[in-house]
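> no sequence for this one, just the structure:
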């Protein structure tokens with residue numbers, strides 16, 4: 001019988017559970033470009049800085065062949081405190097949403113239903 005500690009250790013290492021981390025992205029980028037991790041980390045940091053400044057300026061940042069980050073205004077609304085059940089007012093705010101391309105460049109065509117099913121998993 002496996003101990004809980006070994007099961008938790010396995011889950012912690014399972015990247016399918018946690019998704020791609022920043023460090024893993026940096027390592028994969030460095031490996032693909034044939035450079036070191038420091039340079040790849042600088043590229044990732046600079047890309048994030050450019051994306052933030054573009055979203056602040058124009059409200060949209062396009063990553064060619066991947067998708068776009070779009071600033072969206074959310075209206076004020078009424079919500080509920082989950083602990084007490086009391087109604088609370090949630091203020092209006094701006095949020096950033098990622099909109100993926102339906103058919104990424106150089107890939108086979110993917111239907112919107114397949115993308116939605118993959119996102120729900």
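Everything's here; your move. Quick caveat: nothing in here was measured; it's all calculated off a predicted structure. Numbering: from 1, shown residues only.

> Residue 62 reaches residue 68, doesn't it?
Yes: with contact defined as CB atoms under 8 Å, residue 62 counts as touching residue 68 (4.7 Å). (C-beta placed from N, C-alpha, C; glycine too.)

> what about the helices in this structure?
In the chain, helices defined by DSSP state H lie at 4-13, 15-18, 22-33, 37-58, 112-120, listed in chain order.

> buried stuff in the longest one?
This points to helix 37-58. The neighbour-count check on helix 37-58 (16 or more other CB atoms under 10 Å) flags 40, 41, 55 as buried.

> shouldn't residue 22 be in contact with residue 44?
Yes: with contact defined as CB under 8 Å, residue 22 reaches residue 44; the gap is 6.9 Å.

> on that earlier part again, which of the buried residues of helix 37-58 lies at the shortest distance from residue 77?
Closest approach between those and residue 77, by CB to CB: residue 55, at 22.9 Å.

> how close does the closest one get to residue 98?
Using CB to CB, to the nearest Å, one gets 11 Å for the distance from residue 55 to residue 98.

> Report the set of residues contacting both of those two.
Here residue 55 and residue 98 share the contacting residues residue 69, scored by CB atoms under 8 Å, 6 or more residues apart in numbering.
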